[in-house]
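Visitor: my questions concern the predicted model and sequence given below.
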Amino acid sequence: QVQLVESGGGLVQAGGFLRLSCAASGRTSSLYTMGWFRQPPGKEREFVAAVGRSGSITYYAASVKGRFTISRDNVKNTVYLQMNSLKPEDTAVYYCATRAGGLSGRSHEYDYWGQGTQVTVSS
C-alpha cells in the first residue's frame, strides 16, 4: 500500500503562483510514475502532468504546458507541482497519484491516489 498526501493548495489571484506537494509513504519502493490530476467544479477529472521515476522525463497536458512544472525528490518521496501564471480555469481539486508503470495521462491506469487539495484562482 502507498499513502499519498497533498498540500499547498489555496486561494490565489489570476497571474499568481502556487506550489503543490505530495508526500508518499508506505511501499514507496514501488513508486514509478507520479502524476497530478485535477477535477474542476462540475467536470470530470483530467490529467495535468506526470513524471517518471528518475525525474528526468515529464509529460504535460497542453493546457498547462509552459506554466506548470512537475518534479520529484526521491529521497523525500515527494512530488511537486509548481504552478505559475495561474488562470481562473485552473480552479479545481488537485490530486496526486502513482502507478507502477510508465508515463500515462489516463487516470484509470493509476493505482494510488491522494485525497486532493483545493486550488482556487480568482479573476
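Guide: Now that the structure is in, tell me what you want to look at. Numbering: from 1, shown residues only.
Visitor: what's near enough to touch residue 41?
Guide: 91-92 (C-beta atoms under 8 Å, 6 or more residues apart in numbering). No exception for glycine: its C-beta is placed from N, CA and C like everyone else's.
Visitor: shift numbering so it begins at 686
Guide: Okay, using 686 as the starting number, the last item reads as residue 726.
Visitor: and it, which of the three is it?
Guide: Classification of residue 726 using DSSP: H, G, I helix; E, B strand; the rest coil returns coil.
Visitor: so what pLDDT did the one residue sitting closest to the centre of the chain get?
Guide: The structure's the chain has its C-alpha centroid closest to residue 721; by C-alpha atoms, centre = their mean the separation is 2.3 Å. Note for residue 721: predicted pLDDT of 98.
Visitor: ok, now the one 3 residues further on?
Guide: For residue 724, the model assigns a pLDDT of 98.
Visitor: would you check how far apart the residue nearest to residue 806 when sequence neighbours are not counted and residue 740 are?
Guide: Distances taken as C-beta to C-beta, 6 or more residues apart in numbering place residue 771 nearest to residue 806, at 4.6 Å, with adjacent residues excluded. Shown here: residue 771 relative to residue 740, a distance of 23 Å by C-beta to C-beta, to the nearest Å.
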